[in-house]
Structure formats: structure tokens, C-alpha cells
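**Student:** compute the structure for the input listed below.
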Amino acid sequence: MCLALSISGRLPIPVDPQRLGVVIGRGGLNKSRIEEEFHVRVEVDSEKGLVFVEPKEGATMYNVFRAKKAIEALALGFPLEDVLLLTDDVYDFEVLDLSEVARNQSDLVRIKARIIGSEGRFKKTLEEIVGVRVVVGDKVVGLIGDFEQLRLAKEAISRLVRGQSHQTVTRFLERESFGLKRRRMELWERWSQV
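**Tutor:** As a prediction, the model looks like this:
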């Protein structure tokens, strides 16, 4: 993890100027909740398209790192309640860059349409079966979930990009999700016996 702090000790986060309003939220709600939950101070420079984050007294750079991910997730389009899951270390935020796998603009549109599915059905199925939160942006897909949820979601999206049908990928997700639930129950039973 490499965090480049500015001279003032604040971490600058580039944000699309059109998304700065989402980071701030209505009446400053999103900004103040990020500050409160991650123990950081957030300052928005709308002229430069930057959000600066610095730790409050007693906070660490880890708080700043988690707040950076939260701000990036908010800017991508996740609702605040999903973003606040990142206060729990179990959850993480990852971005898949679809422009790395798309051959051209029409291929990018096709890949995004496959991930979303007809009337959003595949995205909803992915969220329901795996438990991951998904936002599809202009050129990226954002995911919030725990390690296993992120692993399954990334594999499902990779299979769609490679051309597998929605039905085949859904069967893969159902099979893997069942195995994941069984492993978690076995782990829980072992912990409860300790």
C-alpha cells in the first residue's frame, strides 16, 4: 500500500469533479459520516477535483486508507450505507477496469451490458447469490464485499467477459456459494467448540 501524502500531511484523492457533490452529500451528510466513522477530516477542493483526507487525533494512516476507499466507492456510485461497510475490516472495495479487457468502445458497452443483464437481472442475481454489492460505472465495475464474496464476483465477471452464458455463470455462483456457506458453517461449529 502506497499512500502519497501532500506536504501538509493530507492524502489527496482525485475525484471526477461531477461526482464531488455525491462525496459531500445532501447538507454535507456523506462527508460528515465518512469523517465520523473513519476518524478522519475530509476537505473538498472543487476547483482541482481533489478530496483531501487526514487523520483526526488518535487515528492512523490505516483510517486514512480505509476512508480513501470509502470516498472512491461513494464517487463511483455506491450508496452511503454500503460504503460504511468498509468501517469493518472484513469488507473491502475493489475496482475492475473493463477497459483493460475491452477491445474497443462497442466491446466495452457489450461487456457492461452482459454484467448488468436484461433489466439488471444478472447484477441483481450476482448481489443476491454472493452477497456482494456491485456498481457498474463508465469503464469500471466496483465491488464491496468480504474476501470470498469479492473472489466469487470477480470470477463470475471474468467468466462473463470470456463469453460464458448467464445461465452457466449463475450455476457456477450457486454451486460456489453453497460450498462457501458450508465451509463457513463448519468453521463456526469449530469456533463454538473452542
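**Student:** partner residues bridging L50?
**Tutor:** Taking DSSP bridges as the rule, L50 bridges to P14, D45.
**Student:** so which elements touch the longest helix along the chain?
**Tutor:** For the chain, the helix that runs over the most residues, judged by DSSP state H, is helix 166-193. For helix 166-193, the packing partners by 3 or more C-beta pairs under 8 Å, 6 or more residues apart in numbering; DSSP states H and E come out as helix 121-130, helix 147-161. All C-beta spots, glycine's among them, are computed from the backbone N, C-alpha and C.
**Student:** nearest to E94, out of those?
**Tutor:** helix 147-161 (5.6 Å; C-beta to C-beta).
**Student:** and the longest helix of the chain, average pLDDT?
**Tutor:** On average, the pLDDT along helix 166-193 is 88.
**Student:** outline the domain layout of the chain.
**Tutor:** The chain resolves into domains spanning 11-78, 91-192 when parsed by the TED database.
**Student:** mind putting the ones you listed into TSV with distance to L85 and mean neighbour count?
**Tutor:** Conversion of these to TSV gives the following (distance: least, C-beta to C-beta, whole Å; neighbours: other C-beta atoms under 10 Å):
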stretch	distance to L85	mean neighbour count
domain 11-78	9	18
domain 91-192	4	16
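**Student:** run the chain-centre distance for the longest helix of the chain.
**Tutor:** 22 Å (C-alpha atoms, centre = their mean, to the nearest Å).
**Student:** and for stretch 20-31, what's in contact with it?
**Tutor:** Residues from elsewhere that reach stretch 20-31 (C-beta atoms under 8 Å, 6 or more residues apart in numbering): 15, 32-33, 42, 44, 46, 49, 51, 71, 74-75, 77, 80.
**Student:** out of those residues, who's nearest F172?
**Tutor:** G77 (26.2 Å).
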